[in-house]
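Engineer: need a structure here:
(one chain, ligands or ions: 1)
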Amino acid sequence: MQFPDYRPRRLRKNELFRRLVRETTVTVDDLVAPLFICPGKRVRKPIQSMPGICQLSIDEAVKEVKSFHELGIPAVILFGIPEAKDESATGAFAREGIIQRAVREIKGKVPDLLVITDVCLCEYTSHGHCGILKKDNSVDNDLTLEVLAETALSHVQAGADLVAPSAMMDGQVGAIREALDEAGFEETPIMAYSAKYASSFYGPFREAAESAPKFGDRTSYQMDPGNSDEAMREISLDVSEGADIIMVKPALPYLDIIRRAKEEFDLPLAAYNVSGEYAMIKAAAQLGWLDGEKVMMESLTAIKRAGADIIITYFAPEAARIIRG
Ligand code: PBG
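Structural biologist: Numbering: from 1, shown residues only. Predicted structure coming up:
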């Protein structure tokens, strides 16, 4: 240390000093709120493992999005629970599918908020895998690409501002980019779930989205948790295929990957603070073992400090209320 009497505590003396020198502050602008859309009217079905989160019918989702807009949250990301599932995921790209209808309603009623759609097949396939299966039950990469492209296009035709492919198929960003460009949607950006790990932290989401695989797991398409270099290769591919925003998922157990992606790539970086991360904090807070609000804000700050420009989080409305004071 160059100063013999450097005393870091001088600048921690009170909250005014701490505010003055604080390097990272989470703002409402950083937050994206996920929503689970289900069939029906006036439905608010609570998710057991995600206290405070519900499956919402489209009319209820519109109300929720209005309240998010009032809080200043800039974007939502939608997940759909279709009426019926089948082997070929037809509900994913149907013109009158759950997401297509939800996007039209929400954009019609709350136009000043970005609607992002998750592009994946797991909620729409009867087997719960993220792609179309071959006879041997392995996922057919290239056949799935066609369905993902058709799905993304149907979302954009319904009015989605941004599509977010999350199926972890090789080439999915390129296939979607090509389909959007051909249809005249050159201006619609893609947020790529680039480094998406085969994580057990997605457990509560699969209850919420009713998308758990009926057999096997996702380890043949999602990434191995031990890998970091591979995450950089995945991100490079997505960038070369035309991704506008890249993503690391989950967030808290993968802060090193967020930091590395921030250093190696010059694109906006999103981090997905996933369902299991949310559930852990909520559970501990309910037991009185942790201060839920404080741990939430500390976690979001850590994700941003690691390098995330955008944080997708179920805490979005709660955090927004605290940030706004
Ligand atoms: C779709 C998808 C998943 C999540 C986001 N998109 C589930 C999965 O891959 O099994 C998980 C999000 C969360 O846990 O909050 N494939």
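Engineer: enumerate the residues of the stretch 151-300 of the chain near the ligand.
Structural biologist: Counting by CB under 6 Å from any ligand atom, the stretch 151-300 of the chain comes close to the ligand at 166, 202, 205-206, 218, 274-275. Using the backbone N, CA and C atoms, a C-beta is placed for each residue, glycine as well.
Engineer: which positions within stretch 289-303 qualify as buried?
Structural biologist: Using 16 or more other CB atoms under 10 Å as the test for burial, stretch 289-303 gives 290, 292, 295-297, 299-303.
Engineer: quick one: contacts of that stretch?
Structural biologist: Contacts with stretch 289-303, where a contact means CB atoms under 8 Å, 6 or more residues apart in numbering, come from 24-26, 30, 251-252, 255, 258, 271, 273, 277, 281-282, 284-286, 311, 313, 315, 318-319, 322.
Engineer: now the buried members of the residues you listed.
Structural biologist: By neighbour count, with 16+ other CB under 10 Å, these hold 26, 30, 251-252, 255, 258, 271, 273, 277, 281-282, 285, 311, 313, 315, 318-319, 322 as buried.
Engineer: does residue 148 count as helix, strand or coil?
Structural biologist: helix (DSSP: H, G, I helix; E, B strand; the rest coil).
Engineer: ditto for residue 299
Structural biologist: Relying on three-state DSSP, one would call residue 299 helix.
Engineer: where's it relative to the ligand, distance?
Structural biologist: Distance, residue 299 to the ligand, by CB to the nearest ligand atom, to the nearest Å: 14 Å.
Engineer: related to what we said a few turns ago, would you format the residues of the stretch 151-300 of the chain next to the ligand as TSV with neighbour count, secondary structure and pLDDT included?
Structural biologist: Converted to TSV, those look like this (neighbours: other CB atoms under 10 Å; DSSP: H, G, I helix; E, B strand; the rest coil; pLDDT from 0 to 100):
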residue	neighbour count	secondary structure	pLDDT
166	24	coil	97
202	22	helix	97
205	27	helix	95
206	16	helix	91
218	20	coil	95
274	26	coil	98
275	25	helix	98
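Engineer: now do the helices in this structure.
Structural biologist: Under the criterion DSSP state H, helices of the chain are mapped to 15-21, 58-71, 90-93, 98-109, 141-158, 172-182, 203-208, 229-241, 255-264, 275-286, 292-306, 316-324.
Engineer: which one of these has the lowest average pLDDT?
Structural biologist: For these, the bottom mean pLDDT is recorded on helix 203-208, which sits at a mean of 93.
Engineer: tell me what that one is packed against?
Structural biologist: For helix 203-208, the packing partners by 3 or more CB pairs under 8 Å, 6 or more residues apart in numbering; DSSP states H and E come out as helix 275-286.
Engineer: got the angle between the helix it packs on and helix 292-306?
Structural biologist: Here helix 275-286 points in a direction 150 degrees away from that of helix 292-306 (axes from the mean of the first three to the mean of the last three CA atoms, to 10 degrees).
Engineer: what does helix 275-286 rub up against?
Structural biologist: Residues outside helix 275-286 that contact it (CB under 8 Å, 6+ apart) are 49-53, 199-205, 208, 250-253, 290-292, 295-296, 299, 313-315.
Engineer: cutoff 6 Å now
Structural biologist: Identification of contacts with helix 275-286 by CB atoms under 6 Å, 6 or more residues apart in numbering yields 49-51, 201, 203-205, 252, 290, 292, 295, 314.
Engineer: likewise stretch 111-126?
Structural biologist: Residues contacting stretch 111-126 (CB under 6 Å, 6+ apart): 69, 74-75, 77-80, 82, 85-87, 89, 91-92, 99, 103, 106-107, 128, 130-131, 148, 151-152, 155, 160-167, 209, 211.
Engineer: of all the buried residues of stretch 289-303, which comes closest to residue 174?
Structural biologist: Distance to residue 174 across those (CB to CB) is lowest for residue 303, with 28.2 Å.
Engineer: and the pLDDT for residue 115?
Structural biologist: We have a pLDDT of 98 for residue 115.
Engineer: for it, name its beta-bridge partners.
Structural biologist: Counting by DSSP bridges, residue 115 forms beta bridges with residue 76.
Engineer: ok, it - how many residues close by?
Structural biologist: 24 (other CB atoms under 10 Å).
Engineer: and what of the one 4 residues further on?
Structural biologist: A count of neighbours around residue 119, defined by other CB under 10 Å, yields 30.
Engineer: how close does it get to the ligand?
Structural biologist: From residue 119 across to the ligand, the span is 9 Å (CB to the nearest ligand atom).
Engineer: check the gap between that residue and residue 322 for me.
Structural biologist: Using CB to CB, to the nearest Å, one gets 31 Å for the distance from residue 119 to residue 322.
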